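**Q** task: produce atomic coordinates for the following.
(chains A and B)
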Amino acid sequence: MHPIVRTVLQRLGLGLLTLFVVSVIIFSSLQFLPGDFATSVLGQAATPETVAAFRRELGLNEPAITRYIQWIGGVLQGDFGSSFSGRSQGREREVMELIGPRLWNTLFLAGMTAIIAVPLALTLGITAALYRNSFYDRAVNATTLTTISFPEFFVAYILILVLATLWKVFPSLANVRESTELADRIYMTALPALTLTLVIVAHMMRMTRAAIINLLASPYIEMARLKGVSKSNVIIKHALPNAWAPIVNVIAFNLAYLVVGVVVVEVVFVYPGVGQLMVDAVTTRDIPVVQACALIFAATYILLNLFADIVSIVTNPRLLHPR
Amino acid sequence: MKSKSGDRTAGDLLLDMRDIRIDGFSDDIWHPIIKGVDLKLHRGEVMGLIGESGAGKSTLGKAAMGYAQPGCRITEGTIQFDGMDLRAMNDAQLRELHGSRIAYVAQSAAASFNPAHRLIDQCVEATVGHGLRPDDEAKKDARELFAALQLPDPDNIGDRYPHQVSGGQLQRAMTAMAMSSRPDLIIFDEPTTALDVTTQVEVLAAMRDIVEQFHTAAIYITHDLAVVAQMADVIKVLRYGETVEDAPARQMLKKPEEAYTRSLWAVRSLEKPQETSEDIILRVNAVDASYGSSIKVLEDVTIDIPRGSTVAVVGESGSGKSTTARVITGLLPPMKGDVLFNDEPLPLALKDRTKDQLRRIQMIYQMADTAMNPKHTVRDIIGRPLEFYLGLSGKELDGRISELLKMIELDDSFMERLPSELSGGQKQRICIARALAADPELIICDEVTSALDQIVQEGILKLLLRLQKEFNITYLFITHDIATVKAISDQIVVMFQGRVVEQGMKNDILSPPHPDYTQLLLSSVPEMDPDWLTSLLESRGETGAMSASGN
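**A** Down below sits the predicted model:
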């Protein structure tokens, strides 16, 4: 078996194991969440009998281990259970029915941001390394540091002020619906995507620059210079191919952040993403939804890190072409 | 493509460097590295540039390309290359020359090939990049050069990545890379220093042939006189950034004018009468060892070390020399066999040994730099084993440290210095003092002089010999340098591919008849005779002994 296939399988296996551990942690920590769904739905005035009956209906009286096995068994078959909240209207709402469209929105926003931010960060990082210690380098560093230093909501409001209020370029609300056309969707999502770009670009750009500059003292870089290779080719052909591993790890980390950590930006732009859903679910003690969200977030991290590992291997000839 | 080999006549002045001064930046100030050196090179001529490290050889070599490495600047002088003033050129103009008319071969091919690209792409990069030839033609030519340099499977070896070929092959591939554009001048910057002697011979021969074949001028930088004797038509000796002596190679080898040049020769004359004793201090008994896998790194290794003598273990890299040391120290417990110390079996693993057993066997390493904690002062470094093994403290400790410093010919002023404030030779002396501090019976010296210049080497070797006489210490001396072996050993153990090929008294091992491998190893050690390589290759051509090296 080619070592890459083996490594990928190994990492996948480890990823599944991690996911299992995470599921146990999520499940057990939610047991400690203060308050009780039945009480919070029925209100303080409910009789103990009503509460008990409601708890029985939700299955909350089963021992924790039984509930875990039921839950994880369902998850393995793609069934995340039904939302607690849906019930009161007389019909059950599947968790996936709730999360599905929201997840799609979140992935759309993350994808759009990535399409802008990753190439931008790489270009800025490479050019900053090429013209290191120049005015350009300092300007890029200072600007990206500034944007990362402000809180997300601040960046978001500044962008709204400038691009939605002063110049009416983009709408300030990004309340997309399932029926929204793609073009409209892109137009409406522009401001949140720009906000997130400003937030994540610094990290990736600085790692790109640092990883390249770190290699510039290598003997093979001096060799390339002494072969008369131009400055830009020294960076792009000789330094960059050896710098992918650290860069792609930072990219993966930031992409994962785009999926799991953007609730503030969602709130500011009223964007219906998973982050907001999860926060709502926590406040209403809608345990099945919280569990599903947490599991999806964990899977996102694991998959993106797996992706980063694969890229690190593929760009390293020592691993790709063993002796 | 340029046509130039036809119309050029040997003897034209190609490179004319005058009164070159170069500054280097360190400790926040610019200080001179090269202090007014002239250098003239004619077409087709090979100049050997020799001197100790720090003499400025490399810096001068790169300056011949109009290039100052980061942290250096050329402050004065003129560099005329084929009538062009390199110092007046801008970066773009210099880049046009680099890799087309002037090529560079670096010291460590392993570090100087980009790990991310295939060999052949790197070999033709400059030629294609400068528009001298189209890609396919350059690659075809590169494959021919690979063949001319006797690389195995020349048609396909270029498709490999640097980590997939050996060091000697890489060094030859780098010569092919330099030759690809058919330059007028090649700078060889210590190209064989990192290689084993057996590999070095082949690389030297390949480089010499190809330089002759294309009538290329070359500057050959090295600290090894015997190597330069094989390559160069003229020799220039540098010291502290100044020219010591300039002369045709044969003349300089026969009759060096300057005292400094003669001192470079002198190291090789150090020799010690062999002694032995019946009292075996350490016996490695039928040891097999491996690093986790099923491949044995050592197989059935048995070595006897007589008390108070020096046993040299020789062999090329990968022959199991250092692994033997790891087995003796307990760092790598063997799979089979045992280690007897004073006729008592030592526990195989380091953690099972008593403090006293540990104290009796000490080690000195090749890289004194990395063997010392950079944040510890000399006092801490030497004092630690005194506290740990002997329980000394206070005045007693200070007194002993001072005694040890005296033993290694340094004084108390070194006490508070950090390793970064010491020269290479001083660092190695401190490491020797640290080993001595434990009052050991056996010291394992792992390539302790390989990283040092010849003159410094001589000092360290003399010190080791004196200490041996005074304290009746036994040395296990691991090295690949036969000159060192001749200088200090009583007994020799020859290792090859994890096995002991031959062992015995120095004079017996060094005099014929030899087993094949010993013969190859001994004959590969360059000698000062400029005709040595030629006659060696002739005699090997007859016997076919080259094939035994596996390179």
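
**Q** for A:V51, which non-adjacent residue is spatially closest?
**A** Among residues not flanking A:V51 along the chain, A:A38 sits closest, at 4.9 Å (Cβ to Cβ, 6 or more residues apart in numbering or on different chains). Just so you know, the C-beta spots here come from the backbone N, C-alpha and C atoms, and that holds for glycine as well.

**Q** A helix includes the one you found, no?
**A** Yes - looking at A:A38 with DSSP: H, G, I helix; E, B strand; the rest coil, it is inside a helix.

**Q** what's the spatially most central residue of chain B in contact with, if anything?
**A** In chain B, the residue lying closest to the centroid (Cα atoms, centre = their mean) is B:T193, at 4.1 Å. When contacts are counted by Cβ atoms under 8 Å, 6 or more residues apart in numbering or on different chains, B:T193 touches B:107, B:222-224.

**Q** please tell me how far B:V124 sits from B:A138.
**A** 4 Å (Cβ to Cβ, to the nearest Å).

**Q** neighbour count winner among these two?
**A** Each of B:V124 and B:A138 has its neighbours counted (other Cβ atoms under 10 Å in any protein chain shown); B:V124 has more, 26 against 22.

**Q** which element, helix or strand, includes the more buried one?
**A** Taking DSSP states H and E as the definition, one finds B:V124 inside helix B:119-129.

**Q** report all helices and strands that that helix contacts.
**A** helix B:135-148, helix B:167-179 (3 or more Cβ pairs under 8 Å, 6 or more residues apart in numbering or on different chains; DSSP states H and E).

**Q** for the residue nearest to A:V51, report the pLDDT, please.
**A** Predicted confidence (pLDDT) for A:A38: 73.

**Q** quick one: stretch B:223-241 to chain centroid distance?
**A** 15 Å (Cα atoms, centre = their mean, to the nearest Å).

**Q** what comes up buried for that stretch?
**A** B:223-239, B:241 (16 or more other Cβ atoms under 10 Å in any protein chain shown).

**Q** can I get the helix or strand containing B:E403 in PDB, CA atoms only?
**A** Per DSSP H and E, B:E403 falls inside helix B:394-407. C-alpha atoms of helix B:394-407 as PDB (Å, rounded to 0.1, in the frame of the first residue of the first chain):
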ATOM      1  CA  GLY B 394      32.600  24.600  47.000                       C
ATOM      2  CA  LYS B 395      36.300  25.200  46.900                       C
ATOM      3  CA  GLU B 396      37.200  21.600  46.100                       C
ATOM      4  CA  LEU B 397      35.000  21.900  43.000                       C
ATOM      5  CA  ASP B 398      36.500  25.200  41.800                       C
ATOM      6  CA  GLY B 399      40.000  23.800  42.400                       C
ATOM      7  CA  ARG B 400      39.300  20.700  40.300                       C
ATOM      8  CA  ILE B 401      37.800  22.700  37.500                       C
ATOM      9  CA  SER B 402      40.900  24.900  37.400                       C
ATOM     10  CA  GLU B 403      43.100  21.800  37.400                       C
ATOM     11  CA  LEU B 404      41.100  20.300  34.500                       C
ATOM     12  CA  LEU B 405      41.400  23.600  32.600                       C
ATOM     13  CA  LYS B 406      45.100  23.400  33.000                       C
ATOM     14  CA  MET B 407      45.200  19.900  31.700                       C
END
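
**Q** near chain A, which residues of chain B?
**A** Chain B comes close to chain A at residues B:62, B:65, B:67, B:69-70, B:91, B:94-100, B:103-104, B:106-108, B:111-117, B:125-126, B:129-130, B:160-161, B:163-164, B:177, as judged by Cβ under 8 Å from any Cβ of the partner chain.

**Q** if we can go back for a sec, weakest of the helices and strands packed on helix B:119-129 in terms of mean pLDDT?
**A** helix B:167-179 (a mean of 88).

**Q** for the helix or strand just after that helix, packing partners?
**A** Of the helices and strands lying after helix B:167-179 in sequence (DSSP H and E), the nearest is strand B:185-189. Judged by 3+ Cβ pairs under 8 Å, 6+ apart, strand B:185-189 is in contact with helix B:57-63, strand B:102-105, strand B:217-222.

**Q** next structured bit after the lowest-mean-pLDDT helix or strand in chain A?
**A** Counting by mean pLDDT, DSSP states H and E, chain A has its least confident helix or strand at helix A:37-42, which shows a mean of 72. Using DSSP H and E, the next helix or strand after helix A:37-42 towards the C-terminus is helix A:48-58.

**Q** just the ones in strands from the residues of chain B next to chain A, please.
**A** B:103-104 (DSSP state E).

**Q** for PyMOL, write the selection for the buried entries among the residues of chain B next to chain A.
**A** What follows is the PyMOL syntax selecting those of these that are buried according to 16+ other Cβ under 10 Å:
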select buried, chain B and resi 62+65+67+94+95+97+98+99+100+103+104+106+107+108+111+112+113+114+115+116+117+125+126+129+130+160+161+163+164+177
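
**Q** in helices only, show me the residues of chain B next to chain A.
**A** Taking DSSP state H as the definition of helices, the residues of chain B next to chain A contribute B:62, B:91, B:94-97, B:111-112, B:125-126, B:129, B:177.

**Q** need the max-distance pair from those residues.
**A** B:E96 and B:A111 (26.0 Å; Cβ to Cβ).

**Q** next, count neighbours for the closest residue to B:A312 other than its chain neighbours.
**A** Sequence neighbours aside, B:S489 is the residue nearest to B:A312 in space, at 3.7 Å (criterion: Cβ to Cβ, 6+ apart). By other Cβ under 10 Å, 24 other residues sit near B:S489.

**Q** ditto for B:E76
**A** The burial count for B:E76: 15, using other Cβ under 10 Å.

**Q** so how far is stretch B:67-84 off the chain centroid?
**A** 28 Å.

**Q** avg pLDDT for that stretch?
**A** 89.

**Q** hmm, who's touching that stretch?
**A** Against stretch B:67-84 from outside (Cβ under 8 Å, 6+ apart): A:217, A:222, A:225-226, B:14-26, B:30, B:33, B:36, B:59, B:62-64, B:66, B:85-87, B:94, B:97-98, B:101-102, B:184-185.

**Q** redo that, cut-off 7 Å
**A** Here stretch B:67-84 makes contact (Cβ atoms under 7 Å, 6 or more residues apart in numbering or on different chains) with A:222, A:226, B:14-25, B:33, B:59, B:62-64, B:66, B:85-87, B:102, B:184.

**Q** mind giving me the PyMOL command for buried ones among these?
**A** Selecting only the buried entries of the contacts of stretch B:67-84 in PyMOL, with 16+ other Cβ under 10 Å as the criterion:
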select buried, (chain A and resi 222+226) or (chain B and resi 14+15+16+17+20+21+22+23+24+33+59+62+63+64+66+86+102+184)
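
**Q** just the ones in helices from the contacts of stretch B:67-84, please.
**A** Using DSSP H, the contacts of stretch B:67-84 in helices are A:222, A:226, B:59, B:62-63.

**Q** re the thing from before, list the buried residues of the helix holding B:E403.
**A** Quick answer for helix B:394-407 (16+ other Cβ under 10 Å): B:397-398, B:400-402, B:404-405, B:407.

**Q** if we only consider those, which is nearest to chain A?
**A** Distances from chain A to the buried residues of helix B:394-407, taken as Cβ to the nearest Cβ, are shortest for B:L405 (35.4 Å).

**Q** is that closest one in contact with B:D412, as I believe?
**A** Yes - B:L405 is within contact range of B:D412, at 6.3 Å (criterion: Cβ atoms under 7 Å).

**Q** any shared contact partners between B:V124 and B:A138?
**A** In contact with both B:V124 and B:A138: B:S180, using Cβ under 7 Å, 6+ apart.

**Q** closest one of the ones in helices among the contacts of stretch B:67-84 to A:I148?
**A** Of the ones in helices among the contacts of stretch B:67-84, the one sitting nearest to A:I148 (Cβ to Cβ) turns out to be A:E222, at 33.6 Å.
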